[in-house]
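Peer 1: here is my input, please return the structure:
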Amino acid sequence: NDLSHLSDFTRPIDTSVFRFLKSHLPGPFTFILEANKNLPLAYKGHKTIGIRVPDHPIPQLIVEKLGHPIASTSIRDDDEIIEYSTDPELIAEKYDHLVDIVIDSGYGDNVASTIVDLTSGEPEVIRQGKGII
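Peer 2: Modelled structure (predicted):
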């Protein structure tokens, strides 16, 4: 729900990079940073990690109550027009057997987050999405 767990999973970052993150989060961005050696087992060996703090109250509250970040992904859709699934009923119908819980908070946005690589210290847009740098 904020950047308080950032150093748990990333290598130390410059003050300027931290300020940049703070100025864009929460928001529609995923930032790629250098990972440290404390990543969960499923991510061991990865040199980078994507950090996202969405500006939506439900994931923020889940992270706050858990006391630690969650790993998640967008749901890519097979539909040629809609790139990401955001209909809660269709998501539940398609994935309910694969996940522990599906939370219906209404329709989501069909525009993906903007992915920004910060591993060099300078922002490099990898995927242009909803967020504008």
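
Peer 1: okay, CA-based contacts and neighbour counts for the rest of this
Peer 2: OK.

Peer 1: closest to the centroid, which residue in this structure?
Peer 2: Note on the chain: the residue nearest the mean C-alpha position is residue 52, at 3.2 Å, using Cα atoms, centre = their mean.

Peer 1: list the contacts of that residue.
Peer 2: For residue 52, the contacting residues are 25-26, 28-31, by Cα atoms under 8 Å, 6 or more residues apart in numbering.

Peer 1: go on, residue 9?
Peer 2: Residues near residue 9 by Cα under 8 Å, 6+ apart: 35-39, 49.

Peer 1: so, low pLDDT: which residues of this protein?
Peer 2: Across the chain, the ranges flagged by pLDDT under 70 are 76-77, 79-84.

Peer 1: where do the helices sit along it?
Peer 2: 6-9, 15-24, 57-66, 88-95 (DSSP state H).

Peer 1: pull the third one out as CSV, backbone CA atoms only.
Peer 2: Read that as helix 57-66. C-alpha atoms of helix 57-66 as CSV (Å, rounded to 0.1, in the frame of the first residue of the first chain):
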residue,chain,number,x,y,z
PRO,A,57,-8.4,0.9,-2.2
ILE,A,58,-9.0,-2.9,-2.2
PRO,A,59,-5.4,-4.0,-3.0
GLN,A,60,-4.1,-1.2,-0.7
LEU,A,61,-6.2,-2.5,2.1
ILE,A,62,-5.3,-6.2,1.5
VAL,A,63,-1.6,-5.3,1.7
GLU,A,64,-2.1,-3.2,4.8
LYS,A,65,-4.0,-5.9,6.6
LEU,A,66,-1.5,-8.6,5.5
